[in-house]
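Novice: Sequence below, structure please.
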Amino acid sequence: MVEDEAGLFRSRDCFGERTRDRRPKQGDVVFAKNDFGERWMAVIDQVCFIIVNGVETKAIYSVPLWSVAHLYDAIAAGQVGNPEVLKQQLKDLPLDWWFVAANHTDILYADDQLISGVTQDDMARLGYIDPEFYLLIQDVETTDLKNPQRPREFIIASRLDISPLLAY
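Specialist: Reported below is the predicted structural model:
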């Protein structure tokens, strides 16, 4: 990905197609990757500049999206502290169903981690983002908070159940 003087992103999406030149903005769904090569989708919450190791860096605060398939993978990897509850909630849902992790935020460094934007056509191929249900991710008590692979509890909650959280 190359950023020009105006801050426009020129890149290809996950399918290799050229994306339109535009600035990423709040509410956009984007593809991201981490240092381990893992990829995920996220919704942009805020774009700003922060200082990292003395260098001004574009940071994107994002809310990750989890598919039912990702949640089953996390259960199989032992990363879910309440697997039986989550399996019951995911029962009969297609694997390409996505949930917004309402109480979880990641920081993406645009230069390194942002792959591309996600168009409506991409979403049609990838699956469906549920507008009424959200994923809540909670740390399990007595776990080491510095361990990125620590077990967490995952709960699917309705918009009505978490409306106080969304209002905040």
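
Novice: which ones are touching Cys62?
Specialist: I think there's a mix-up here, since residue 62 is Ser and not Cys. 30, 32, 42-45, 105-108 (CB atoms under 8 Å, 6 or more residues apart in numbering). Yep, even glycine has a C-beta here, placed from its N, CA and C like the rest.

Novice: same check, this time on Trp40
Specialist: 31-33, 64-66, 70.

Novice: next one: Ile75
Specialist: So Ile75 contacts 83, 86-87 (CB under 8 Å, 6+ apart).

Novice: any idea which element the residue most central in space within the chain lies in?
Specialist: Nearest to the mean C-alpha position of the chain, by CA atoms, centre = their mean, lies Pro64 at 1.6 Å. Assigned by DSSP states H and E, Pro64 belongs to strand 55-67.

Novice: can you check Leu160 too?
Specialist: Under DSSP H and E, no helix or strand contains Leu160.

Novice: Who does the residue nearest to the centre of the chain form a beta bridge with?
Specialist: Beta bridges link Pro64 to Ala42, judged by DSSP bridges.

Novice: unless I'm mixing things up, it is touching Ala101, no?
Specialist: Yes: between Pro64 and Ala101 there is a contact under CB atoms under 8 Å: 4.9 Å.

Novice: on that earlier part again, how about the CA coordinates for the strand holding Pro64, as PDB?
Specialist: C-alpha atoms of strand 55-67 as PDB (Å, rounded to 0.1, in the frame of the first residue of the first chain):
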ATOM      1  CA  VAL A  55       8.000   8.700  14.700                       C
ATOM      2  CA  GLU A  56       4.600  10.200  13.900                       C
ATOM      3  CA  THR A  57       2.500   7.200  12.700                       C
ATOM      4  CA  LYS A  58      -1.100   7.000  11.400                       C
ATOM      5  CA  ALA A  59      -3.100   4.900  13.800                       C
ATOM      6  CA  ILE A  60      -6.500   3.500  13.200                       C
ATOM      7  CA  TYR A  61      -8.600   2.500  16.200                       C
ATOM      8  CA  SER A  62     -10.800  -0.300  15.000                       C
ATOM      9  CA  VAL A  63     -13.400  -2.700  16.300                       C
ATOM     10  CA  PRO A  64     -12.700  -6.300  15.100                       C
ATOM     11  CA  LEU A  65     -15.300  -8.500  13.400                       C
ATOM     12  CA  TRP A  66     -15.500 -12.200  14.200                       C
ATOM     13  CA  SER A  67     -17.100 -14.800  11.900                       C
END
